[in-house]
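S.K.: okay, structure incoming, though there's no sequence with it:
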């Protein structure tokens, strides 16, 4: 099962793709790193940036043959405007998934951290370190957006039996 | 100039279309009602609801030959989760506009109310009443989502020279 994890954002959107055995139950040996990148929509009109993000994600999904998407569930913060903007970017990512016929799963950030680090309050740097361990990466992802995206993809791989699809 | 106004929401998305003379400067006689409807994505997967909303908007834009989109700018509220959800729906609407090559303009809710009612804190019912007056409607829109969408379209018609496009 090829999983695309997405850490949505309009300035910088992390993408991480892994392969997982379909009956994976948390064994890290069953997960293989495939690809990671950061999408940076060019500055300019908001609607065109969303379109850039959406079309770029559709392109990656098709090129890499991803069949499921994993994405963080909720925005935990106090700034309504930031939540609004992040929501727009997440909408574009979910649309790309639906357009390509991918099932989508939402994971709360704490659940991702718990799955990867064993601590729901782990820092992004800790998550990046463990992502590198789990995927046997020779070099850690330079961007925390990449490691966050890979983390949510790994979390999906660790969760074969799902209840909360988007 | 045919304007599509959108009041985005995942449960109920208002759409209102008006025609306006391109040099309209606030003369209500220069604005003509064309169409209004509410899009209600079927319950189910979030990503599929967003896709339904997006594709339905693209269909209306093409069918009605709209050339610009007007949409409310900001979410004024205290609930981060609601802002997040509304942001997703607005993302789908902006994507539909960009997909169809429409210029998009964002208007703060208070500016829309000021343009329509003359009071930035007017109620939705007051907005609906004045939308009916401005467009010479024999019957007021039954849904406040429709009158809000028509209001933002009228606001765009009243604003020929723009600075804040999305």
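M.R.: That came in fine, so what should we check first? Owing to the predicted nature of the structure, the values given are computational and were not obtained by experimental measurement. Numbering: from 1, shown residues only, chains lettered A, B, ... in the order given.

S.K.: measure the residue of chain A at minimum distance from chain B to residue A:116 for me?
M.R.: At 2.4 Å from chain B, residue A:87 is the closest residue in chain A, using CB to the nearest CB. C-beta: built from backbone N, CA, C; applies to glycine. According to CB to CB, to the nearest Å, residue A:87 stands 24 Å off from residue A:116.

S.K.: is it true that residue A:5 lies in a strand?
M.R.: Yes: assigned with DSSP: H, G, I helix; E, B strand; the rest coil, residue A:5 falls within a strand.

S.K.: what's the nearest residue to it if we skip its chain neighbours?
M.R.: residue A:153 (2.9 Å; CB to CB, 6 or more residues apart in numbering or on different chains).

S.K.: so the one you found, which of the three states?
M.R.: Counting by three-state DSSP, the backbone at residue A:153 sits in helix.

S.K.: and it, what does it touch?
M.R.: Residues near residue A:153 by CB atoms under 8 Å, 6 or more residues apart in numbering or on different chains: A:3, A:4, A:5, A:16, A:17, A:18, A:70.

S.K.: bridge partners for the second one, pull those for me.
M.R.: Going back to what we said before, that points to residue A:4. When bridges are called by DSSP bridges, residue A:4 pairs up with residue A:17, residue A:69.

S.K.: and it, how many neighbours does it have?
M.R.: Residues near residue A:4, counting by other CB atoms under 10 Å in any protein chain shown, number 31.

S.K.: and residue A:135, by the same measure?
M.R.: 21.

S.K.: surely it and residue A:18 touch.
M.R.: Yes: Residue A:135 sits in contact with residue A:18 when judged by CB atoms under 8 Å, with a separation of 7.0 Å.

S.K.: overlap in contacts, these two.
M.R.: Residues touching both residue A:135 and residue A:18 by CB under 8 Å, 6+ apart: A:31, A:32, A:33, A:150, A:154.

S.K.: please name the nearest non-neighbouring residue to the fourth one.
M.R.: With sequence-adjacent residues excluded and distances taken as CB to CB, 6+ apart, residue A:150 is closest to residue A:16, at 3.2 Å.

S.K.: got a pLDDT number for that neighbour?
M.R.: With respect to pLDDT, residue A:16 scores 98.

S.K.: near chain B, which residues of chain A?
M.R.: A:45-48, A:50-51, A:54, A:69, A:74-81, A:83-92, A:94-95, A:97-99, A:102, A:104, A:106, A:165-166 (CB under 8 Å from any CB of the partner chain).

S.K.: among those residues, which are in helices?
M.R.: Taking DSSP state H as the definition of helices, the residues of chain A next to chain B contribute A:46-48, A:50-51, A:54, A:80-81, A:83-92, A:94-95, A:97-99.
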